[in-house]
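> just coords:
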């Protein structure tokens, strides 16, 4: 089968391209720019375009399908050529559904925790040598790609994103998968450029729950008020399984999880991650992994990339980076580090980077999000605000939104870098939260500062 990717360089798209190449498909693609690590990974498999840009002459009737990425625009020359020639055009989630429609589809949804839960499930299955197809939103230890597709595997595990499918398909991705088994971890307003009201956002999860096939199963976090309400309202003929945060304690910086066999040390920490673990356990049991085998495997789970990922550590300082950017994620992650390192100073640094976080109206949602930090820092780029064509955000607005008089705010990447470099970090836990990189912060350089 010959497949062409429009916008092949995206994180998800390039992983799907590699997965199809490994499956034996003939894969080509285009993009106007491709960053690392996508560029090197595509090059390694011979899939990197010879030149950047969009070329309508790449599109011809020999192609069996086009896969269209969100990065492309509706007037993309290659897309227009494909439409004119009548070539089948798939969004990323549509194509994944096509690849998995004869399998048991397990879809993990939620405003937060979905990458971690999916990663936990795949770690447990990998530990026990259970082969499944999958799509996850982060690079995992022991896995070559974030997407894996076969003809023979019975299960497909999918991270279910609520963002839009493609420039010409405005449905949320997780509406397209039709899960046999689904999980919803939590609902906290996000993507306000697409869902301008909280009710509109919540409704996407109602549709997702109703898309579970008849006879399927819904696993849900009953501690989340909105999730619990929607699960109770769901009337399709499915089985429902609620989960809550399991009991645990922290001794000498080590999290101990209560299990039927007694207390078990685990690598991850934070109440939100223990809740994620409880949801992953239910899903694994539905996939044939019993409780004892789950605990045996999860003990060695270190976390997904950029999810409370340890960047550097010495005798007195530890530095974590985390993808947290929405208010609920920022609050949960900061609280987790505070709880884990009770005898250290907690320095929490947040980059406001997404469309939602840089929106003047949405900023008020961050009230209290950094309250568990002893020292709180916010970085944002006025240039990013301009690029996103948003109203100007002032430092005064940010300070007022977070309701912390001692909040430090940086808008210059070099100034923020110097702050980190020159601050005495002894007896501290530093948390760097962002879906960006603070205007070009080199995390290897941070590692060097701590080592010295």
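Perfect, I can see it now. Every value quoted in this text rests on a predicted model; they were computed, and no experiment measured them.
> isn't residue 347 right next to residue 424, touching?
No: using C-beta atoms under 8 Å as the test, residue 347 is too far from residue 424 to be in contact (10.4 Å). Where you see a C-beta, it was placed from the backbone N, CA and C, and this is true even at glycine.
> The two - which one has more neighbours?
residue 347 (23 against 8; other C-beta atoms under 10 Å).
> which phi and psi does that one have?
phi -110, psi 110 (degrees, to the nearest 10).
> beta partners for it?
residue 375, residue 430 (DSSP bridges).
> List the contacts of it.
Residue 347 is in contact with 373, 374, 375, 377, 423, 425, 428, 429, 430, 431, counting by C-beta atoms under 8 Å, 6 or more residues apart in numbering.
> Show the buried residues in those.
Burial by neighbour count, judged by 16 or more other C-beta atoms under 10 Å, picks out 373, 375, 377, 425, 428, 429, 430, 431 from the contacts of residue 347.
> Can you tell me which of the residues you listed is closest to residue 403?
When these are ranked by distance to residue 403 (C-beta to C-beta), residue 373 comes first, at 13.1 Å.
> burial measure for the closest residue in space to that closest one that isn't next to it in sequence, as a count.
In space, and not counting its chain neighbours, residue 373 is closest to residue 348: 3.5 Å by C-beta to C-beta, 6 or more residues apart in numbering. Other residues near residue 348 come to 27 when the count uses other C-beta under 10 Å.
> And for the one 4 residues further on?
Residue 352 sits with 25 neighbouring residues when counted by other C-beta under 10 Å.
> Could you look up the SS state of residue 152?
Three-state call for residue 152 (DSSP: H, G, I helix; E, B strand; the rest coil): coil.
> Residue numbering should commence at 190 henceforth.
Sounds good: first residue 190 from here, last item residue 341.
> Next one: it from residue 292, what distance?
Computed as C-beta to C-beta, to the nearest Å, the residue 341 to residue 292 distance reads 10 Å.
> And residue 275, by the same measure?
Residue 275 sits 29 Å away from residue 292, going by C-beta to C-beta.
> next one: residue 348
For residue 348 relative to residue 292 (C-beta to C-beta), the value is 16 Å.
> Show me which of these two is the more surrounded one.
A count of neighbours by other C-beta under 10 Å puts residue 348 above the other of residue 348 and residue 292, at 25 against 18.
> which one is the more buried one nearest to, not counting chain neighbours?
residue 307 (4.5 Å).
> Helix or strand for that neighbour, just tell me which one.
In this assignment (DSSP states H and E), residue 307 forms part of helix 303-316.
> Now do the phi/psi pair for the nearest residue to residue 477 once chain neighbours are set aside.
Among residues not flanking residue 477 along the chain, residue 319 sits closest, at 7.5 Å (C-beta to C-beta, 6+ apart). When quoted as degrees, to the nearest 10, the phi and psi of residue 319 stand at phi -100, psi 110.
> Residue 319: how many residues sit nearby?
There are 17 residues near residue 319, going by other C-beta under 10 Å.
> looking at it, it is touching residue 478, isn't it?
Yes: contact criterion C-beta under 8 Å: residue 319 and residue 478 qualify, at 7.2 Å.
> tell me which of the contacts of residue 536 is nearest to residue 218?
residue 620 (36.4 Å).
> mind checking how far the closest one is from residue 526?
Between residue 620 and residue 526 the distance is 5 Å, computed by C-beta to C-beta.
> again with residue 239
Separation of residue 239 from residue 526 (C-beta to C-beta) stands at 46 Å.
> Comparing the two, which residue is more hemmed in?
The neighbour comparison of residue 239 against residue 526 (other C-beta under 10 Å) goes to residue 526, with 24 against 6.
> any idea which element the more buried one lies in?
Using DSSP H and E, residue 526 maps to helix 516-529.
> Could you do residue 205 as well?
Using DSSP H and E, residue 205 sits within helix 200-212.
> Am I right that residue 559 is in contact with residue 591?
Yes: contact criterion C-beta under 8 Å: residue 559 and residue 591 qualify, at 5.9 Å.
> got any residues that touch both of the two?
Shared contacts of residue 559 and residue 591 (C-beta under 8 Å, 6+ apart): 565, 567.
> Tell me how many other residues crowd the spatially closest residue to residue 519 that is not a sequence neighbour.
In space, and not counting its chain neighbours, residue 519 is closest to residue 558: 4.3 Å by C-beta to C-beta, 6+ apart. If you count neighbours by other C-beta under 10 Å, residue 558 ends up with 27.
> pLDDT score for residue 558?
Note for residue 558: predicted pLDDT of 95.
> so what's it up against?
Taking C-beta under 8 Å, 6+ apart, we find residue 558 in contact with 516, 519, 520, 523, 539, 591.
> Can you classify residue 472 by secondary structure?
Applying three-state DSSP: residue 472 is helix.
> Test my guess that it contacts residue 370.
Yes: counting by C-beta under 8 Å, residue 472 does reach residue 370; the two are 6.6 Å apart.
> As a check, name the ranges of all helices in the stretch 190-339 of the chain.
Using DSSP state H, counting those that start in this stretch, the helices of the stretch 190-339 of the chain run over residues 200-212, 227-233, 266-274, 281-289, 303-316.
> give me the low-pLDDT residue ranges for the stretch 340-489 of the chain?
When residues are selected by pLDDT under 70, none of them lie in the stretch 340-489 of the chain.
> now the strands: where do they sit in it?
344-349, 353-355, 358-361, 370-373, 406-410, 428-432, 437-440, 443-448, 451-455 (DSSP state E, counting those that start in this stretch).
> okay, those in a markdown table with distance to residue 461 next?
Putting the strands of the stretch 340-489 of the chain into a markdown table (distance: least, C-beta to C-beta, whole Å) gives the following:
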| stretch | distance to residue 461 |
| --- | --- |
| strand 344-349 | 17 |
| strand 353-355 | 26 |
| strand 358-361 | 23 |
| strand 370-373 | 15 |
| strand 406-410 | 10 |
| strand 428-432 | 13 |
| strand 437-440 | 12 |
| strand 443-448 | 12 |
| strand 451-455 | 14 |
